[in-house]
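1. mind looking at a prediction? Sequence and model below.
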Amino acid sequence: MKKQIFNTKSLVVASLLSAVSIILSRFCVIYFTDSLRLSLGNIPILITGFLFGPVAGALVGAVTDILGSALFSGLGWYPPLTVTPVLIGLTAGLLKPIVMKNRSFLPIFGATLTANGLGTILWSTFALSRLYGTPFLSLAAVRVPFYIAVAAVEAVAIFGLFKTKIFDAINK
């Protein structure tokens, strides 16, 4: 029998990860500037992609951003920035076979860096440069090293969570 992509267990886990992402990205965040913030809200989106694939990762990214910004942001929802968590979840899901093969740190870091590179570093920097009228390269010069470091922290956290075997029962 073919395994279903969306079953009750995966929907419940994805919903919980989305809620955790909203909490981390809206309430556990440090703003340095309008375009630079420290948040670990991508971790649950990445985990969703790693566990359930690109569709689930992208959907959790979209739901997390739309609900989080609509309900808890004083700035409101800016649709071009929703592409960022969608790209992060999609990329994590596409890299799922590499990450889930042995769950070692290097593939997790590579996937996390790739997802953040496409989403946060490239797309989000572009969208913020358009929003604030700041030149892309000026904004990128500050954001690239910062978000590479954030990707490393996210990879360490995900690696630690996978080592606890907390997610082993999900894919059975």
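-> Okay, I see it.
2. check which helices and strands the helix or strand of the chain with the lowest mean pLDDT is in contact with.
-> Lowest on mean pLDDT, DSSP states H and E among the helices and strands of the chain sits strand 29-33, with a mean of 88. Helices and strands touching strand 29-33, by 3 or more CB pairs under 8 Å, 6 or more residues apart in numbering; DSSP states H and E, are strand 36-39. For the C-beta atoms, the positions are set from N, CA and C on the backbone; glycine is no exception.
3. circling back: partner strands of the least confident helix or strand of the chain, with direction?
-> Strand 29-33 has the following sheet partners, assigned by DSSP bridges: strand 36-39 (antiparallel).
4. measure the residue nearest the centre of the chain to Pro135 for me?
-> Nearest to the mean C-alpha position of the chain, by CA atoms, centre = their mean, lies Asn42 at 2.9 Å. Asn42 is 25 Å from Pro135, where distance means CB to CB, to the nearest Å.
5. do the same with Pro54
-> 32 Å.
6. so what does the single longest helix found in the chain touch, helix or strand wise?
-> Across the chain, the longest stretch assigned as helix under DSSP state H is helix 136-163. Contacts defined by 3+ CB pairs under 8 Å, 6+ apart place helix 136-163 against strand 36-39, helix 42-52, helix 105-116, helix 125-132.
7. got the contact list for the third one?
-> If I follow you right, that is helix 105-116. 42, 46, 49-50, 87-89, 91-92, 95, 98-99, 101, 147-148, 150-152, 154-156, 158-159, 162 (CB atoms under 8 Å, 6 or more residues apart in numbering).
8. how about 6 Å then?
-> Ile88, Thr91, Ala92, Leu95, Ile98, Val99, Tyr147, Ala151, Glu154, Ala155, Ile158, Phe159 (CB atoms under 6 Å, 6 or more residues apart in numbering).
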